[in-house]
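> whatever this is, show me its structure:
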Amino acid sequence: MNGLETAPPGLLANSSPGSAEQCGRETPLENVLFASFYLLDFILAFVGNALALWLFVWDHKAGSPANVFLMHLALADLSCVLVLPTRLVYHFSGNHWPFGEIPCRLTGFLFYLNMYASIYFLTCISADRFLAIVHPVRSLRLRRPLYAHLACAFLWVVVAVAMAPLLASPQTVQTNRTVVCLQLYRERASRHALVSLAVAFTFPFVVTVTCYLLIIRSLRQGPRVEQRLKGKAVRMIAVVLAIFLVCFVPYHVNRSVYVLHLHGGRASCATQRLLALGNRVTSCLASLNGALDPVMYFFVAEKFREGLCNLLCGRRLTGPPPSAEGKTNESSLSAKSEL
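Reported below is the predicted structural model:
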């Protein structure tokens, strides 16, 4: 992961700097590139998610479970976006962490809180789409805004408790001239970390892919569904899977390779250098989900697109029409067209 990011439980720092410090340090060119990336990421993610959160809160009367999950996803993104400026300072100061112990812990905590909350909210969106498209009538009682809020609250608590050890353990280490916030070469590889990786990522990823495969099968077997609705469902599938493949899969694959490669032995300086660079790049990709999620909102959430267009055109935002969820026939079509 990035030089200032902390390791998840099971991958905590353990060794003295030694020669590993030189093997894992960023070059001046890398610092410039990483700083430029995080600056652009911060601008796009902050503007996009702040606007999305405002629009979803305004549209709360629509009573859509999908909007509830999207609202919490935007909130999760903002929780991580607000600490991105510390990464700019870190890279511009030549791999030095000047903020102290507590901000270091909070940075790692919010990074993982955002990443895994986002993963599970995307999974909830996938499950909601599966129920809306494959079982539109039978799922009406289950797909309620209250249940969606309860599910989100449960996920926030579970992820926060799982990441809490990052707030309790020391995360900064003093070197000869700088302070580092648990860089890659200070992490201890543990095979126990593979279990947490599997639980935290593999399970929701498999559920998400399974839901979309079942959705695609249902759409192909159901010619009664309008072509427009099929197109919207396919776009949503493509965008969500793209976010997984671009942001989350590379990070977890790299983390697994790191654990398997370094456990029980000492790696050469060249290997440490390659793994350190891979960790930093995939961490950049993981943080990119905050900028990509608003793109998903625009392309697959019709209410977000309408609200954004009204805002940009200077139109007065009016309240959404009453929900028709109580009517069986209308609900079936409405459930399929929420996104």
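
> name the residues of the host helix or strand of Val161 that are buried.
Element membership for Val161, per DSSP states H and E: helix 145-163. Buried residues in helix 145-163, counted by 16 or more other CB atoms under 10 Å: Pro145, Ala148, Ala151, Cys152, Leu155, Trp156, Val159, Ala162, Met163. (Each C-beta comes from the backbone N, C-alpha and C, glycine too.)

> tally of neighbours for the residue lying closest to the fifth one once chain neighbours are set aside?
In space, and not counting its chain neighbours, Leu155 is closest to Tyr120: 4.9 Å by CB to CB, 6 or more residues apart in numbering. By other CB atoms under 10 Å, 27 other residues sit near Tyr120.

> again, but for Thr27
10.

> backbone phi and psi for it, please?
phi -80, psi 160 (degrees, to the nearest 10).

> roughly how far does it sit from Trp156?
38 Å (CB to CB, to the nearest Å).

> sorry, back to before: what residues does the helix holding Val161 touch?
For helix 145-163, contacts defined as CB atoms under 8 Å, 6 or more residues apart in numbering pick out 8-9, 63-65, 68-69, 72, 109, 112-113, 116-117, 120-121, 124, 128, 200.

> repeat that for 7 Å
Identification of contacts with helix 145-163 by CB atoms under 7 Å, 6 or more residues apart in numbering yields Gly63, Pro65, Val68, Phe69, His72, Phe109, Tyr112, Leu113, Tyr116, Ala117, Tyr120, Cys124.

> next secondary structure after that helix?
Taking DSSP H and E, what comes next after helix 145-163 is helix 165-168.

> mind pulling up the phi and psi values for Val180?
Dihedral angles for Val180 - degrees, to the nearest 10 - are phi -110, psi 150.

> who does it bridge with?
Val173 (DSSP bridges).

> could you give the number of residues near it?
25.

> for the longest helix along the chain, buried residues please.
Counting by DSSP state H, the longest helix found in the chain is helix 101-134. Residues of helix 101-134 classed as buried: 103-134 (neighbour count, 16+ other CB under 10 Å).

> what helices or strands is that helix leaning on?
If you count contacts as 3 or more CB pairs under 7 Å, 6 or more residues apart in numbering; DSSP states H and E, helix 101-134 packs onto helix 65-81, helix 145-163, helix 165-168, helix 203-221, helix 227-243, helix 328-336.

> okay, the angle between that helix and helix 65-81?
160 degrees (axes from the mean of the first three to the mean of the last three CA atoms, to 10 degrees).

> for helix 101-134, what is the distance to the chain centroid?
5 Å (CA atoms, centre = their mean, to the nearest Å).

> before we move on, what about stretch 42-59?
With CA atoms, centre = their mean, you get 15 Å for stretch 42-59.

> can you list the buried residues in that stretch?
Neighbour-count burial for stretch 42-59 [16+ other CB under 10 Å]: Phe42, Leu44, Ala45, Phe46, Gly48, Asn49, Leu51, Ala52, Leu53, Leu55, Phe56, Asp59.

> what does the third one show for phi and psi?
Okay, so that is Ala45. phi -70, psi -40.

> could you shift the numbering so residue one becomes 24, and keep it that way?
With 24 as the first residue, the last one maps to Ala68.

> now it. Nearest residue, chain neighbours left out?
Gly313 (3.5 Å).

> cool, and Phe144?
Going by CB to CB, 6+ apart, Phe144 has Leu96 as its nearest residue, at 4.3 Å.

> assess the claim that that neighbour and Ser141 are in contact.
Yes. Counting by CB atoms under 7 Å, Leu96 touches Ser141, with 6.0 Å between them.

> give the burial count for the residue nearest to Phe144, as a bare number.
For Leu96, using other CB under 10 Å, the count is 30.

> that one and Ala89, how far apart?
10 Å.

> follow-up on the earlier one: the one helix or strand the residue nearest to Ala68 maps to packs against which elements?
Here Gly313, judged by DSSP H and E, is contained in helix 312-323. Applying 3+ CB pairs under 7 Å, 6+ apart, we find helix 312-323 packed against helix 51-81, helix 88-104, helix 250-266, helix 325-335.

> which residues touch that helix?
Taking CB under 7 Å, 6+ apart as the rule, helix 312-323 contacts 64, 67-68, 71-72, 75, 93, 96-97, 100, 103-104, 141, 255, 258-259, 262-263, 266, 270, 327-328, 331, 362.

> same check, this time on stretch 257-275
Contacts for stretch 257-275 (CB under 7 Å, 6+ apart): 142, 145, 148-149, 152, 220, 224, 228, 231, 235, 238-239, 305-306, 308-309, 311-312, 315, 319, 322-323, 362.
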